[in-house]
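Visitor: pasting the sequence and the predicted coordinates here, then a few questions.
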Amino acid sequence: MATSDIQNVKERIESQQLVRRILGFFGLFVILGLTALGMVYVEFTLAQFIQQFPIWLDSVSRFLQPDFIDLTLATRQEEIGGLGAIWYTPTNPWTIVEAAGQTQLSGSLLVPAAITTIIVGFTGTVLGSPHALLFGVLGSERVTPFPFNFIFRGTMSAIRSVPALVWVFIYIALFGISEKSAIIAIATDTIGNLGRLFTDELEEIDDGPIEAISSTGAGRAQTVIFGMLSQVSTSFIAWTLYVLEINTRIAISLGVVGAGGLGQYIKLKLQFGSDQAYAAAAAGLIMVMLIVVSVELISSRIRARLRPGEDTGKGLVETVRGLFDGNKWLGRTDAN
């Protein structure tokens, strides 16, 4: 290559780098400008943040002494508060059984509130999974010809576009703001999220088993069941467990708007505003973390067994780090 050609290439590369830098600075300027405009629009200022920061620190400090007096009905009646309730309850297991039966107190006792949260998340997942499987299968172009498969894909996309927090308000006319509405909202959300994951799995299966089943004279339904679904059955179970993790978090979030469980317990306590109420709310937050971490650890271990080449079971540190993943609390999966 001639010297002049090398020089031209060098100049062209430098010119492209200069353009990238200019575009980069321009993009950064636009982002910062939009951020500033957004802060002005919501009347958020740095001075306001600095002024409120000491108040926030004082509020956080009130969470540092959790009070488990509301753990069971017995700890409340015996006025066993603080961490002492944690030691008292396991040594008197009948108190847990007694508290579990107090469903009408799920908004004021930790044990029934925790049970309600788990039931809402689990039941919503179970009710939504069969429908997610149906929509996921029919949404695959391997099963439903184009463009008819987009009817089901579009339905799942529409469902995913509405958060579970909004679905629970849509179902107010059925059961009001309650655990029942939360279960149906989670089931609906599961159809959109899990169904999309199912569809994606079906798009990646091998054609060999399908052709082998078809060559035997099997009908369409048999080909779908034995040629397609048999290849992704373990993946379906693994994805369902993953969505269960997310739905457990959603169940807690829905409780904040009055749909029962730990979310409602924490909200009710914080409304009182006293130091004792904050201590009780702190105990509720600890219960939230215990439930979320436990569900994720169990789920990840099972998924690791089902798909050893793809999933690795989460460790405790990784699971705790996942508590700060806002997408999971809002019900957003990788499919979104």
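Guide: Thanks, I have the structure now. Numbering: from 1, shown residues only.
Visitor: now the helix or strand harbouring Val60: average pLDDT?
Guide: Secondary structure assigned from DSSP states H and E places Val60 in helix 46-61. Looking at helix 46-61 alone, the average pLDDT works out to 87.
Visitor: ok, Leu37 to Val257 distance?
Guide: Leu37 sits 30 Å away from Val257 when distances are taken as CB to CB, to the nearest Å. Using the backbone N, CA and C atoms, a C-beta is placed for each residue, glycine as well.
Visitor: looking at these two, which one has more neighbours?
Guide: In terms of neighbours (other CB atoms under 10 Å), Val257 is the more surrounded of Leu37 and Val257; the figures are 15 against 9.
Visitor: list the contacts for that one?
Guide: Contacts were defined as CB atoms under 8 Å, 6 or more residues apart in numbering; by that measure Val257 touches 165, 168-169, 177, 263.
Visitor: identify the farthest-apart pair in the residues you listed.
Guide: Within the contacts of Val257, two members stand farthest from each other by CB to CB: Phe169 and Gly263, at 14.9 Å.
Visitor: I'd say Leu254 and Asp189 touch.
Guide: No - no contact is recorded between Leu254 and Asp189 when judged using CB atoms under 8 Å, the distance being 10.1 Å.
Visitor: okay, and the common contacts of those two?
Guide: Taking CB under 8 Å, 6+ apart as the contact rule, the neighbours common to Leu254 and Asp189 are Ala164.
Visitor: which parts of the stretch 201-336 of the chain are helices?
Guide: With DSSP state H, counting those that start in this stretch as the criterion, the stretch 201-336 of the chain has helices at 208-215, 220-222, 230-255, 261-272, 275-306, 316-321, 326-329.
Visitor: quick one: which of these is nearest Asn92?
Guide: Scanning the helices of the stretch 201-336 of the chain with CB to CB as the criterion, the closest one proves to be helix 275-306, at 17.9 Å.
Visitor: re earlier: tell me the most buried of the helices of the stretch 201-336 of the chain?
Guide: For the helices of the stretch 201-336 of the chain, ranked by mean neighbour count under the definition mean count of other CB atoms under 10 Å, the leader is helix 230-255 at a mean of 23.
Visitor: so which elements touch that one?
Guide: With contacts taken as 3 or more CB pairs under 8 Å, 6 or more residues apart in numbering; DSSP states H and E, helix 230-255 sits against helix 110-138, helix 164-170, helix 179-203, helix 261-272, helix 275-306, helix 326-329.
Visitor: least reliable of those by average pLDDT, please.
Guide: When I compare the helices and strands packed on helix 230-255, helix 326-329 is least confident, with a mean of 54.
Visitor: distance to Asp67 added to the helices and strands packed on helix 230-255, as TSV?
Guide: Shown next, in TSV, are these (distance: least, CB to CB, whole Å):
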stretch	distance to Asp67
helix 110-138	11
helix 164-170	29
helix 179-203	25
helix 261-272	10
helix 275-306	4
helix 326-329	25
